[in-house]
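>>> The following block contains a protein sequence and its predicted model.
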Amino acid sequence: MKMLPFFDRISAFFIWLAWFYPKAKGIPIMHQLYFFLPQKLLRINGRVPWPVHFSSRILYWKNIRIGNRCAPGMNSSCYIQARNGIVFGHNVRVGPGVGIISSGHDLNDYDRHVQGPPVRIGSNVWIGMNAVIMPGVTIGDNVVIGAGSIVTADIPSNAIAAGNPCRVVKEKEPYSGRDYSSVSSPD
């Protein structure tokens with residue numbers, strides 16, 4: 001972690017990254033630089049206005065609303081499909097291999113997608129590795145979704161949930177980390 005103070009000192013030189021990542025509020029400069037080459041120069045998920053790993057896939061990114069310190073797809077091998085929309089709160093962490101699907105196929109016509117409500121994910125949420133969030137699901141604030149979980153129903157706030165199907169397994173204490181709701185620029 002010796003590099004972090006170095007990047008803090010020279011972050012003013014990278015103010016131009018805000019032009020490429022206008023929605024990366026709260027995402028450290030070091031992360032933005034790491035994703036810049038494959039995403040913005042090689043154009044892998046090139047139009048997405050937040051950092052995305054080259055092995056992740058973001059579909060219908062214009063239907064995604066994100067809060068501060070949130071970059072869905074920043075971890076490897078994520079699949080995020082937002083045909084019906086996805087709303088992320090502040091400080092949402094998405095683990096590697098996570099799938100978030102906002103619209104499924106019509107069972108009687110595989111060429112059509114089913115219309116429905118957007119997926120909603122609250123603030124201070126951590127979605128563990130290889131979890132899958134199904135269409136129309138709402139996840140409250142201050143929630144941890146366990147690795148490998150399949151979320152098919154709403155999860156209330158202040159919960160730890162896991163399993164297939166995903167269920168609340170424990171109540172969670174209030175989030176005590178930094179409040180990212182008022183971050184105005186990347187740090």
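Looks like it arrived, so ask away.

>>> Can you give me the distance of residue 90 to residue 173?
Residue 90 sits 18 Å away from residue 173, going by Cβ to Cβ, to the nearest Å. (Each C-beta comes from the backbone N, C-alpha and C, glycine too.)

>>> neighbour count winner among the two?
residue 90 (22 against 9; other Cβ atoms under 10 Å).

>>> quick one: that one and residue 65 touch, right?
No: proximity of residue 90 to residue 65 does not meet the contact threshold set by Cβ atoms under 8 Å, at 11.4 Å.

>>> Would you mind listing the residues in contact with residue 23?
49, 50, 66 (Cβ atoms under 8 Å, 6 or more residues apart in numbering).

>>> Residue 148: which of the residues you listed is nearest?
residue 66 (24.1 Å; Cβ to Cβ).

>>> Return the set of residues that bridge with the nearest residue to the closest one once chain neighbours are set aside.
Nearest in space to residue 66, with sequence neighbours left out and distances taken as Cβ to Cβ, 6 or more residues apart in numbering, is residue 88 at 4.5 Å. Residue 88 forms beta bridges with residue 121, as assigned by DSSP bridges.

>>> Was I right to think residue 88 contacts residue 65?
Yes: contact status for residue 88 versus residue 65: in contact at 6.7 Å, counting by Cβ under 8 Å.

>>> Please say which of these two ends up with more neighbours.
residue 88 (23 against 15).

>>> residues contacting the residue minimising distance to the centre of the chain?
The centroid of the chain falls nearest to residue 72 when counting by Cα atoms, centre = their mean (2.4 Å). Listed by Cβ under 8 Å, 6+ apart, the contact set of residue 72 reads 50, 52, 58, 64, 66, 78, 80, 86, 88, 92, 94, 100.

>>> Make CSV out of these and add distance to residue 167 and pLDDT.
Output for the contacts of residue 72, formatted as CSV (distance: Cβ to Cβ, whole Å; pLDDT from 0 to 100):
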residue, distance to residue 167, pLDDT
50, 31, 96
52, 30, 97
58, 28, 98
64, 26, 98
66, 27, 97
78, 23, 98
80, 23, 98
86, 22, 98
88, 22, 98
92, 21, 98
94, 20, 98
100, 19, 98
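
>>> can you redo the residues you listed as JSON lines with distance to residue 146 and secondary structure?
Listed next are these as JSON lines, based on distance: Cβ to Cβ, whole Å; DSSP: H, G, I helix; E, B strand; the rest coil:
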{"residue": "50", "distance to residue 146": "25", "secondary structure": "coil"}
{"residue": "52", "distance to residue 146": "24", "secondary structure": "coil"}
{"residue": "58", "distance to residue 146": "23", "secondary structure": "strand"}
{"residue": "64", "distance to residue 146": "23", "secondary structure": "strand"}
{"residue": "66", "distance to residue 146": "23", "secondary structure": "coil"}
{"residue": "78", "distance to residue 146": "17", "secondary structure": "coil"}
{"residue": "80", "distance to residue 146": "19", "secondary structure": "strand"}
{"residue": "86", "distance to residue 146": "20", "secondary structure": "strand"}
{"residue": "88", "distance to residue 146": "19", "secondary structure": "strand"}
{"residue": "92", "distance to residue 146": "16", "secondary structure": "strand"}
{"residue": "94", "distance to residue 146": "14", "secondary structure": "strand"}
{"residue": "100", "distance to residue 146": "15", "secondary structure": "strand"}
